[in-house]
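> return a 3D structure for these sequence lines:
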Amino acid sequence: MRNIFIAALLLAPGLAAAQGFGLDRAGAADVKAVEVSVPASDPERAGAEWTMMVFMNAKNNLDDSLLYGISGKWAQKDIKEMQKVGSTDKVNVLLEYGMSGQGSKRVVVNKDGETLVSADPNGDMGDYKRVIDFVKWAKANHPAKRYMLVLWNHGLGWIDPVMHSPMDGSVPTQKGILFDDETKNYVRTRQLGEILRQGGYVDVVVQNACLQQMAEVLYEMKDGAGLFIGSEETMLAYGFEYTKLLKFLNAEPAAPLNRVGEFFIEWEKDFFAHGAPIVGPVTIPLSAIAATMSAVNPRPLNDLPAYLDAFARAAMKNNEHEAAKYAIENAVRFSSLDPKNDKTKQIAPYVDLYDFAATFSKVSGFETAQAAERLMKFIKSKLVMNNVGLNKDGINGYDYTKAGGIAIGMTMKAKKLPPALGGLYETKYGDLSLSKASQWDEFVAWTDKVWRPE
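Alright, predicted model coming up:
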């Protein structure tokens, strides 16, 4: 299957490099390869309300690519947005960024400029240890009452892909969370949790990347954050509007976390209502593009396995084959692994958990429907603090307004899977923390057999 996993340039999902997972793997040893003599911290901002840490990996097509046929320097755009406000007495704005062919830099963002702290011409922006170092440095040198960590790049949800470079292009070569095209390295799902374990608690984790707001990903990070912001679906390369975000943090520095979540949801609605800007007042309508945004409370994630298990056990015990088939076929799905060639999302591995349970319960027996209802209530009342789903998938009929705010892995619709998928997974699904804590991986294996019995 040729060109699998190659996304349209207007979107920001991405695949990644083939390096074995290991928390003791060497890397980022020379994070501060070139130090610049500047004060460690600004005493005037030592008592800031917020320190916003943006780890921006643009060593890929996000520093210069096309959107609607127009050239876009997406990283540069977002940096300029940050510089319109810059650091203030209330908010420290810190940025570590890498650009294609330019290595990486660590800076303090000021109004209309930046102060260089360090530079590394060989910086590996796909090394999770570099993110840990950035967070530790930020906390030590720019302390604040609260911290926000933004991970800016491509995203692929829980899948950690093995990287190969066959001439026929039959295996993924261009995606992953924090994927560095030059070093062929990226941050694995389990390493996301390690970032917070070693870097320490962060009040808000924002993933400015595609497909990251899913149970398997967030479960790895659940003990290290107070709020997760992200999208179940692909995101436009435009990313967030950082000028508005910084103005909000300065205007409401003591805002509770639920209010911070509301800001992102309101921003998403407003952005899609007004369209993507091109030049000046000219915008492109976004009514044909499906989108999601949600704010997830990490604490209830500890209870998620029990709700998943109750639903999964009921379904398997009662042999809910027809309900499984109906939900696999009809529940809201997110981007295909081959979005260019797979418009009907036959190899789209992620579903909205809330809508999957709702769809499943429509044709299931009473016991399973009750378990599904309890899972749905848990998602709406405890796990997802706020969310929005926008527009519809015209080809498949998926209504994204039904999205509940958190995705999960599920059996793909294809009756016969492409051979290339066999060599994709670096991390086995059963090795993820959520799989170990719940029976969801066994349930997916069961639905696989129901859907593809041969």
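> any idea where the helices of the stretch 351-454 of the chain begin and end?
For the stretch 351-454 of the chain, the helices defined by DSSP state H, counting those that start in this stretch cover 353-361, 366-378, 433-437, 440-451.
> so which of those helices is nearest V131?
Minimum separation from V131 across the helices of the stretch 351-454 of the chain (Cβ to Cβ) falls at helix 433-437, 18.7 Å. Quick note: C-beta positions are derived from backbone N, CA and C, even for glycine.
> turn the helices of the stretch 351-454 of the chain into TSV, including distance to M385, mean pLDDT and mean neighbour count.
Shown next, in TSV, are those (distance: least, Cβ to Cβ, whole Å; pLDDT from 0 to 100; neighbours: other Cβ atoms under 10 Å):
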stretch	distance to M385	mean pLDDT	mean neighbour count
helix 353-361	14	98	25
helix 366-378	13	98	19
helix 433-437	20	98	18
helix 440-451	22	98	18
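> for these, which one sits closest to P121?
Of all those, helix 433-437 comes closest under Cβ to Cβ, at 36.0 Å.
> in CSV: the helices of the stretch 351-454 of the chain, plus distance to G394.
Compiled in CSV, the helices of the stretch 351-454 of the chain are given as follows (distance: least, Cβ to Cβ, whole Å):
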stretch, distance to G394
helix 353-361, 18
helix 366-378, 26
helix 433-437, 32
helix 440-451, 25
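> give me the domain ranges for the protein.
Domain assignment for the chain, taken from automatic domain parsing, gives 34-299, 300-385+392-451.
> flag whichever of those domains has the least confidence on average.
Lowest mean pLDDT within the domains of the chain: domain 34-299, a mean of 86.
> distance between that one and the chain's centre?
In this view, domain 34-299 has its centroid 10 Å away from the chain centroid, taken as Cα atoms, centre = their mean, to the nearest Å.
> next, count neighbours for D127.
By other Cβ atoms under 10 Å, 24 other residues sit near D127.
> was I right to think it contacts N185?
Yes: with contact defined as Cβ atoms under 8 Å, D127 reaches N185; the gap is 5.8 Å.
> going along the chain, name the strands of the stretch 151-300 of the chain.
Listed in chain order, the strands of the stretch 151-300 of the chain (DSSP state E, counting those that start in this stretch) span 204-208, 228-230, 276-277, 283-284, 291-296.
> tilt between the first one and strand 291-296?
Strand 204-208 runs at 160 degrees relative to strand 291-296, counting by axes from the mean of the first three to the mean of the last three Cα atoms, to 10 degrees.
> just to revisit the earlier point, any chance of the strands of the stretch 151-300 of the chain in TSV, plus distance to N141?
Formatted as TSV, the strands of the stretch 151-300 of the chain follow (distance: least, Cβ to Cβ, whole Å):
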stretch	distance to N141
strand 204-208	20
strand 228-230	25
strand 276-277	35
strand 283-284	40
strand 291-296	29
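> in JSON lines, list those strands along with mean neighbour count and distance to L257.
Formatted as JSON lines, the strands of the stretch 151-300 of the chain follow (neighbours: other Cβ atoms under 10 Å; distance: least, Cβ to Cβ, whole Å):
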{"stretch": "strand 204-208", "mean neighbour count": "23", "distance to L257": "7"}
{"stretch": "strand 228-230", "mean neighbour count": "27", "distance to L257": "10"}
{"stretch": "strand 276-277", "mean neighbour count": "16", "distance to L257": "28"}
{"stretch": "strand 283-284", "mean neighbour count": "13", "distance to L257": "31"}
{"stretch": "strand 291-296", "mean neighbour count": "26", "distance to L257": "8"}
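> the strands in the stretch 1-150 of the chain, which residues?
For the stretch 1-150 of the chain, applying DSSP E, counting those that start in this stretch gives strands covering 34-35, 48-58, 65-67, 70-72, 91-99, 103-110, 113-120, 144-152.
> burial measure for N341, as a count.
Neighbours of N341 (other Cβ under 10 Å): 13.
> repeat that for I265.
Neighbours of I265 (other Cβ under 10 Å): 18.
> and it, what does it touch?
293-295, 386-388 (Cβ atoms under 8 Å, 6 or more residues apart in numbering).
> for R146, give me its contacts.
Contacts of R146 (Cβ under 8 Å, 6+ apart): 49-51, 203-204.
> ditto for I195
128, 131-132, 135, 187, 221, 224.
> now tabulate those in CSV and tack on neighbour count.
Below are the contacts of I195 laid out as CSV (neighbours: other Cβ atoms under 10 Å):
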residue, neighbour count
Y128, 26
V131, 28
I132, 20
V135, 23
V187, 28
M221, 23
G224, 20
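> tell me which of the residues you listed is nearest to V117?
Closest to V117, out of all of the contacts of I195 and judged by Cβ to Cβ, is V135, at 14.1 Å.
> so who does the closest residue to that closest one other than its chain neighbours touch?
Nearest non-adjacent residue to V135, counting by Cβ to Cβ, 6 or more residues apart in numbering: G199, 3.4 Å away. G199 sits next to 131-132, 135-136, 139, 149, 224 when contact means Cβ under 8 Å, 6+ apart.
> at 7 Å instead, please
The contact partners of G199, by Cβ atoms under 7 Å, 6 or more residues apart in numbering, come to 132, 135-136.
> and the strands of the stretch 151-300 of the chain: which comes nearest E268?
strand 291-296 (4.0 Å).
> list the contacts of that closest one.
Outside strand 291-296, the residues that touch it by Cβ under 7 Å, 6+ apart are 213, 218, 227-233, 261, 264-265, 268, 272, 383-391, 400, 403, 405-406.
> try 6 Å
213, 218, 228-229, 231-233, 261, 264-265, 268, 384-390, 403, 405 (Cβ atoms under 6 Å, 6 or more residues apart in numbering).
> now these: which count as buried?
Among these, the ones that count as buried by 16 or more other Cβ atoms under 10 Å are 213, 218, 228-229, 231-233, 261, 264-265, 268, 384-390, 403, 405.
> if you count neighbours, what's buried in stretch 265-285?
For stretch 265-285, burial by neighbour count (16+ other Cβ under 10 Å) applies to 265, 267-268, 271-272, 276.
> closest to A437 among those residues?
Closest approach to A437 among the buried residues of stretch 265-285 (Cβ to Cβ): I265, at 28.3 Å.
> ok, F443 to N92 distance?
Relative to N92, F443 is positioned 44 Å away (Cβ to Cβ, to the nearest Å).
> how about L196?
Taking Cβ to Cβ, one finds L196 at 19 Å from N92.
> if you count what's nearby, which of those two comes out ahead?
N92 (26 against 22).
> got the contact list for that one?
By Cβ under 6 Å, 6+ apart, N92 lies in contact with 45, 48, 51, 142, 144.
> who does it bridge with?
As for beta bridges, N92 partners with T51 under DSSP bridges.
> again, but for the one 4 residues further on
For E96, the beta-bridge assignment (DSSP bridges) gives partners F55, R106.
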